[in-house]
Structure formats: C-alpha cells, structure tokens
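In: fold the stuff below for me.
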Amino acid sequence: MALATVSGRNGMVTTPHALASEAGLSVLRDGGNAAEACVAVAACLAVIYPHMTGIGGDGFWVIRQPDGRVRGIHGCGGAAAGADLSLYAGLEAVPTRGPLAANTVAGTISGWAAALEGGTLPLPRLLRDAIDHARAGVAVTAGGADIAAAKGGELRVQPGAYATIFEPEGRPLREGDLLRQPQLADTLERLTMEGLESFYTGPLAADIAADLAALGSPVSATDLAAHVATRPDPLHVGIGGATLYNSAPPTQGFASLLILALFDRLKAQAADSFDHVHGLVEATKQAFLIRDTHVGDPAFHDYDWQGLLDDPAALDALAAKIDPAHALPWPQPPQYGDTCWFAAADGEGRVVSCIQSTYHEFGSGLVLPSTGITWQNRGASFRLAESGWNALKPGRKPFHTLNPALACFEDGRIMAYGTMGGEGQPQTQAALFTRYARYGVDVQEAISRPRWLLGRTWGDQSTTLKLEDGFDAALYADLAAAGHDVERVGPLTATMGHAGAIVRHADGRLDGATDPRSDGRVATW
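Out: As a prediction, this is how the structure comes out:
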C-alpha cells in the first residue's frame, strides 16, 4: 500500500525505524522539545540500527528555533594525536576496517549534550527506550540481516566483541532474530548516571580508552578529553521563495546547497522530466567538482564557501557551464557511507534536522568489549599525504558526507529534510526538495517516487547514473542519448537512501513523510 503524507499539530517525528519514531514521539508527549526528541531517537537508532549508526560515531544538527534563529551543532571528532603518517608507514591508504581505521574521536555524544542545552526532561527519560531495547532485544530488520550476512566475513575477524554481540550463535543474525546488546545498555545507563561528559572525561572515558588501547586503536584518553562539540553557523543560500540551510564544512552541506542554487537558475518545466533530472545531475557534477577540491576541515582550508553562495554572479557563471542537452563526462572519485537521518518538530515551532553515522556499516568493526560501543571508521577517508585535500593530520576532522538540510520558505513554512547515502545525500535532497518546493508534489510522493543517483552510495561501488524503475519510459533513453551512463537498478532500493521530511506550516500544522525504502514511520499527535 502506498504511503500517504501524515499530518499533525502538536509534534512530529520521522525516522527510518518505527521504534525510534515512537521513542521520539513519546518524549514530545511528555513535554520534551524537538531536540530532546531527537536525542531519544538518536539513542534508539544506535541500538536498533547498529549497522548504520551508533554512539561511537559522529553527528550533525541544524535546528530552527521558535524565534526563527537557525543554529548548527557539529558532534564531529578529529584524528587522534597518534594518527600520523608514520602510523601508516608502508600502506597506500588508511584501512577501512580494524584498529587503524578507528583513528578519530567519536563526537556523537558531545552533539547530544549541546543539543540538550535548555531542555527540561532528565537524561534517564530521554535514553529510557534505547536502554530497554538494548537490554531486552529488538528484532533484526531485513536490511540489517542482509548487511550482517554480506559483511560478516570482514567484521567477525576484527578484534573486540563484534562476533560475541552480533553473531551470538556463530552465524550472522537473520531477519527476525533478537539482537541483544547488554553492554551497550549498561553504557547508556552509565551515561544517565555519570552524565554525557563522562564519555570524554569521566569513568566511562577511562573504560573506552582502555578498550581502544587494548584493541590497537590510536585514540587515547587524552584525545577523548580534548574533544568538544562545535557550533558553526549553518551555510545558507537564497533561491526563489526560500532560504536553504545546511551544515558547514567539514560536511558536504555546501554541495547540497550549491546544487539547488544552480538548479534554481535552470529551466525545467515539469517534475521528473528530462530537464529536471538532467539539470540536477549536471548541477551535482558542478557542485562535486568544487566540493572535492575545497570542502574539508575549516582549520585546514581558507575557501570562502558562504561567499560563493552569497555571490549571484558567481552562481550564474557556474550555472552557465551546464549544457542543457549534453552530459559532462564523468566520473570523479566517489564518497561512501552509512548514515541515519531523522527529524522532529514540536508545538513551540522548533524544527530539527539531524544526522549521525559510523561511516561504513558497523564502522571500523571494532566493538569495545566492556562498553558494547561500535567505533566509527570515518578517518578511513583521510588521504595518506603530506598535504592537500583531506590529508591525514593529528587533530584534523575528516571530510563528512553527512549533511542535514532545512528550508525556510517566504510563506512561513519550515522544512527539515535529509537522507542517508554518502554520495547520494545531496542528490536525494535535491530530488525531494525540488519536487515538493518547485513543482508542488505532495511531500510523501516526492520521497516515494523513483530516484536517481550519480556515482556510488551505500552498498554500491559503480559510478554510473543509476535510475530506479517508474520514470517515464522515454526518460531513460533521453538521458542515455545526452551522454549519461545510464544504469537501471530495478524497483525502489535502499541504494537510493532512506529519506524523510517534516514541513511545519505557518499556521502550525505539520506534514511528515518517510521512505518506503526503509523501516521508517512518521509519528505525530
């Protein structure tokens, strides 16, 4: 049965898993705000979707306050002090699995702490459902089972507790099997007693550091203690009828905004027409060319990202590079990643767009025995080079595909939207936003309709222009004739990400949508 847009008024949550949506909604019902609801969601997803996200990863927030201010939070960790080129001597790249892949501090918990400032509900209430699910167990989803089966061979050989927790019977968990994570439940419970800061400077930090050292990771107690969340203003750009916001570097939020700013300058009369799809794909190429040269840790870059977004002449010149009939030759080196995006809105007018990840499925594969934390491998994206884009340096934050999006319309609507999917995140954002905002497509239909992807994303390696079934038959041929390397990938697939959106109207009404490609749900009251 086709999904329909869900409407409400008092509060709303959308996530890629129904249990996480219920946890967030229960916080709103108990008087919590949207940021508090998102912390509850984030904790639940760390338990329910451990292949996608966890407290051993990073997270980014864009929050529109009731007074109209838009602020950002980066719970993003840098490379360990010991993670220098000498550590990787003889290697051509940072490994994607194992101790040397676990080379950055996990920033997610620091992002939670920053988001909760000014909240009213106690932390035990916010983490209650996540603790219950970790201790009692949750049924493994079809997607989780598929990943466990596909990746088990490379994960169970890693040092740590992966096999003990995720293969308790000596085999990958199957769909419907119960996943219990008692160590993670204890860790979340400790956070409610010791405080979130304990992850970095308290007794919990000492246990985390001891486990990381025993497993061979370069991340130390000193690295954990030095970490803090940051609050850079989100980047923004104006298009017809709206101002768009997204996370500042080291995320690719700049590229997501640039795609939409360039497409706003192109002619395309109908949703999902050749002009629409071709225009967004070509805008994506222009944005990625700049992204892959200039987007990274701001401490190592002096590029004026906001300056470009503020310069109509420069945006006009970039848009003029797009040939309306022919494809620019591709590919460029793709990015990769596993992620969970989610959002919440409350009755006060607060709208939150949030995303967190451990990068590859199950991150580095290191599951800390005493805490049950799966540690990210985001630092596997570093280049082993003395200098240049995303070169490994102690303390440097790696390039992030994560980018939560938010739009403020001139008519008073506020829209939080986003998706998982590495290279596909900006493209899915562009597809669903333009369908809804430019062409008036219902927000749920905008997500449910078939999508496209240029390059590689979660679970996929090729760099073609992939399209799901369901577009007008002529579109596939027209795109190929224009020079696109078209690959049809069949029915709706998680390769295209798990998207979602919440729209708050000027009168307070809320509309929400989730992705039929996920296990998601919109929860409202």
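In: make it CA atoms for all contacts and neighbour counts henceforth
Out: Fine.
In: out of the helices and strands in this structure, which is least certain?
Out: strand 338-346 (a mean of 90; mean pLDDT, DSSP states H and E).
In: so what strands line up beside that strand?
Out: In the sheet, strand 338-346 lines up against strand 11-15 (antiparallel), strand 351-359 (antiparallel) (DSSP bridges).
In: so where do the helices sit in the stretch 401-525 of the chain?
Out: Assigned by DSSP state H, counting those that start in this stretch, the helices in the stretch 401-525 of the chain fall at 425-437, 443-448, 473-481.
In: residues in contact with the first one: which ones?
Out: When contacts are taken as C-alpha atoms under 8 Å, 6 or more residues apart in numbering, the neighbours of helix 425-437 outside the stretch itself are 252-253, 255-256, 259-260, 271-272, 280-281, 284, 401-403, 405, 417-419, 441-443, 446-447, 451-454, 496-497, 499.
In: repeat that for 6 Å
Out: Helix 425-437 has contacts (C-alpha atoms under 6 Å, 6 or more residues apart in numbering) with Ser256, Ala271, Gly418, Thr419, Val441, Val443, Ala446, Ile447.
In: and which of these is nearest to Gly54?
Out: Using C-alpha to C-alpha, Thr419 comes nearest to Gly54 of the contacts of helix 425-437, at 16.4 Å.
In: just to revisit the earlier point, distance from the chain centre to the least confident helix or strand of the chain, please.
Out: Centroid separation between strand 338-346 and its chain, computed with C-alpha atoms, centre = their mean, to the nearest Å, is 8 Å.
In: that one vs helix 425-437, what angle?
Out: Per axes from the mean of the first three to the mean of the last three C-alpha atoms, to 10 degrees, the angle that strand 338-346 makes with helix 425-437 is 40 degrees.
In: what residues of strand 338-346 count as buried?
Out: The neighbour-count check on strand 338-346 (16 or more other C-alpha atoms under 10 Å) flags Asp338, Thr339, Cys340, Trp341, Phe342, Ala343, Ala344, Ala345, Asp346 as buried.
In: hmm, back to that, please identify the most buried of the strands paired with strand 338-346.
Out: Highest mean neighbour count of the strands paired with strand 338-346: strand 11-15, a mean of 32 (counted as mean count of other C-alpha atoms under 10 Å).
In: and the contacts of the helix or strand following it?
Out: Next helix or strand after strand 11-15 toward the C-terminus (DSSP states H and E): helix 18-29. Applying C-alpha under 6 Å, 6+ apart, the external contacts of helix 18-29 come out as Val13, Thr14, Thr15, Ala37, Ala40, Val41, Cys44, Gly520, Arg521, Ala523.
In: pull up the per-residue confidence for the residue found closest to Glu92 once you drop the neighbours it is linked to in the chain.
Out: Distances taken as C-alpha to C-alpha, 6 or more residues apart in numbering place Leu384 nearest to Glu92, at 7.0 Å, with adjacent residues excluded. In the prediction, the pLDDT value recorded for Leu384 is 98.
In: what about the stretch 301-450 of the chain, any weak spots by pLDDT?
Out: For the stretch 301-450 of the chain, applying pLDDT under 70 flags the ranges 332-338.
In: quick one: the strands in it?
Out: Along the stretch 301-450 of the chain, the stretches classed as strands by DSSP state E, counting those that start in this stretch are 338-346, 351-359, 405-409, 414-419.
In: by contact count, what packs against the last one?
Out: When contacts are defined as 3 or more C-alpha pairs under 6 Å, 6 or more residues apart in numbering; DSSP states H and E, strand 414-419 sits against strand 405-409, strand 499-504.
In: could you export the ones you listed as JSON lines, including distance to Ala185?
Out: Shown next, in JSON lines, are these (distance: least, C-alpha to C-alpha, whole Å):
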{"stretch": "strand 405-409", "distance to Ala185": "31"}
{"stretch": "strand 499-504", "distance to Ala185": "28"}
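In: turn the helices of the stretch 401-525 of the chain into JSON lines, including distance to Ile290.
Out: JSON lines is the format used below for these (distance: least, C-alpha to C-alpha, whole Å):
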{"stretch": "helix 425-437", "distance to Ile290": "14"}
{"stretch": "helix 443-448", "distance to Ile290": "27"}
{"stretch": "helix 473-481", "distance to Ile290": "24"}
